[in-house]
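**Q** coords please:
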Amino acid sequence: MSSVNPFAVAGASLPDGFLQGFVVVMVIAVVVGTLFDIVHKGSARYFFANMRNARAKGRKVGGGDLASIAVKTAVVDVLASGEFCNTRRRIAHLLGMYGFVLYALATAVMVFCYSNSADSTPPIWPALWWIGALMVLVGLYWFWFFIRVDVSAEGHSPFRLVKADLFVLSLVVSVTLAVIWAATGARAGVVFWLYLLATAVLFVGVPWSKFAHMFFKPAAAFDKRVSRANGTAENLPTQTRDDPEQQKRHSMELLRDAPMDMGLGIKREAPRHY
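**A** As a prediction, this is how the structure comes out:
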């Protein structure tokens, strides 16, 4: 099962080029949806304006420093998901992220290179497809039922749905149906068409989900590191309050003379008082 190309099996009963055309349409949907999201929310305009303001107010950051910041952003914030302080949340995110990369890459290779049943698919690609799909399912089901803040901290049912859940929900449904479809023979039957429908919702729903944030977050992380390097720190207080200029940045008067270490606060215990 893990050595069989499921797209070659289904492709034998589908019109020539159907699977390739579907993947191309999904890629176009992601590009168009992301651009629409950027224009609609003004994300690009905000980032560029923020960068110009930071450059005008702060000290100049050299090319070498910018290259170093770019590398740190890629390694720490993107590849290692360093923005997550919660270890379980980070592991779940990394499982979902790297699983999706393997799953999507293997899907593209098998669809465009080996979807003809006459072609012999190297076993590595179906194996990577299965590994990636299972990583996605482990990470997302773990997140959905045990880590989500509205479930773990606020006591809501894991079956309560809101608009912000569209990305995670459509992804987990799509991959779940993909695994069921491949495990039951990979024929172009009801499960296959449901799989394509869930996949279409995932990619066509980009403007109404958090899918596009994977493109925004690296830019935001890079901008944050640059602002720290040039001294503007996004106009927020830095880790010291010894400098009078840093003290003035606090919007709350009572915090301007407060010590840096004020105890654990809300981190003292898990928020499970529902």
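**Q** where's Leu196, which helix or strand?
**A** According to DSSP states H and E, Leu196 maps onto helix 190-204.
**Q** I'd like to know how many residues surround the nearest residue to Gly33 once chain neighbours are set aside.
**A** The shortest distance from Gly33 to any non-neighbouring residue, by CB to CB, 6 or more residues apart in numbering, is to Val206 (2.9 Å). Yep, even glycine has a C-beta here, placed from its N, CA and C like the rest. A total of 22 residues lie near Val206 under the criterion other CB atoms under 10 Å.
**Q** Check the spacing between Val206 and Arg228 real quick.
**A** Computed as CB to CB, to the nearest Å, the Val206 to Arg228 distance reads 31 Å.
**Q** before we move on, what about Ser174?
**A** From Ser174 to Arg228 the distance is 38 Å (CB to CB).
**Q** again with Arg55
**A** From Arg55 to Arg228 the distance is 14 Å (CB to CB).
**Q** Please apply the same query to Met26.
**A** When distance is defined by CB to CB, Met26 is 37 Å away from Arg228.
**Q** Give me the phi and psi for Ala188.
**A** Per-residue torsions, Ala188: phi -80, psi 70 (degrees, to the nearest 10).
**Q** list the contacts for it?
**A** Listed by CB atoms under 8 Å, 6 or more residues apart in numbering, the contact set of Ala188 reads Ala10, Ser13, Leu14.
**Q** Now flag whichever of those residues is closest to Asn86.
**A** Ala10 (39.2 Å; CB to CB).
**Q** and the closest one, how far is that from Ala178?
**A** 11 Å.
**Q** what about the two, which has more around it?
**A** Comparing Ala10 with Ala178 by other CB under 10 Å, the one with more neighbours is Ala178, at 26 against 23.
**Q** In this model Ser170 seems to touch Gly205, though I could be wrong.
**A** Yes. Judged on CB atoms under 8 Å, Gly205 makes contact with Ser170 at a distance of 6.3 Å.
**Q** which one of these two has more residues nearby?
**A** Neighbour tally, Gly205 and Ser170, criterion other CB under 10 Å: the higher count belongs to Ser170, 21 against 16.
**Q** which one is that one nearest to, not counting chain neighbours?
**A** Leu202 (4.0 Å).
**Q** List the residues that contact that neighbour.
**A** Shown in contact with Leu202 (CB under 8 Å, 6+ apart): Phe167, Ser170, Leu171, Ser174, Ser209, Phe211.
**Q** Please work out the average pLDDT along stretch 214-221.
**A** Stretch 214-221 shows a mean pLDDT of 78.
**Q** repeat for stretch 115-135
**A** Across stretch 115-135, the average pLDDT comes to 88.
**Q** Can I get stretch 209-216 in CSV? Just the C-alpha atoms.
**A** C-alpha atoms of stretch 209-216 as CSV (Å, rounded to 0.1, in the frame of the first residue of the first chain):
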residue,chain,number,x,y,z
SER,A,209,-8.7,31.3,6.3
LYS,A,210,-5.3,31.5,7.9
PHE,A,211,-3.6,29.8,5.0
ALA,A,212,-2.0,33.1,3.7
HIS,A,213,-0.4,33.7,7.1
MET,A,214,2.4,31.3,6.2
PHE,A,215,3.6,33.9,3.7
PHE,A,216,3.1,36.9,6.1
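**Q** Report the next helix or strand after the helix or strand encompassing Ser68 in sequence order.
**A** Ser68 belongs to helix 63-72 when assigned by DSSP H and E. As assigned by DSSP H and E, the chain's next helix or strand after helix 63-72 is helix 87-114.
**Q** mind listing the helices for this protein?
**A** Counting by DSSP state H, the chain has helices at residues 6-11, 18-41, 43-57, 63-72, 87-114, 124-142, 149-152, 166-183, 190-204, 213-229, 244-248.
**Q** Just name the most buried of those helices.
**A** Neighbour counts (mean count of other CB atoms under 10 Å) averaged over each of those peak at helix 6-11, with a mean of 23.
**Q** so how far is that helix from its chain's centroid?
**A** When C-alpha coordinates are averaged (CA atoms, centre = their mean, to the nearest Å), helix 6-11 and its chain have centres 28 Å apart.
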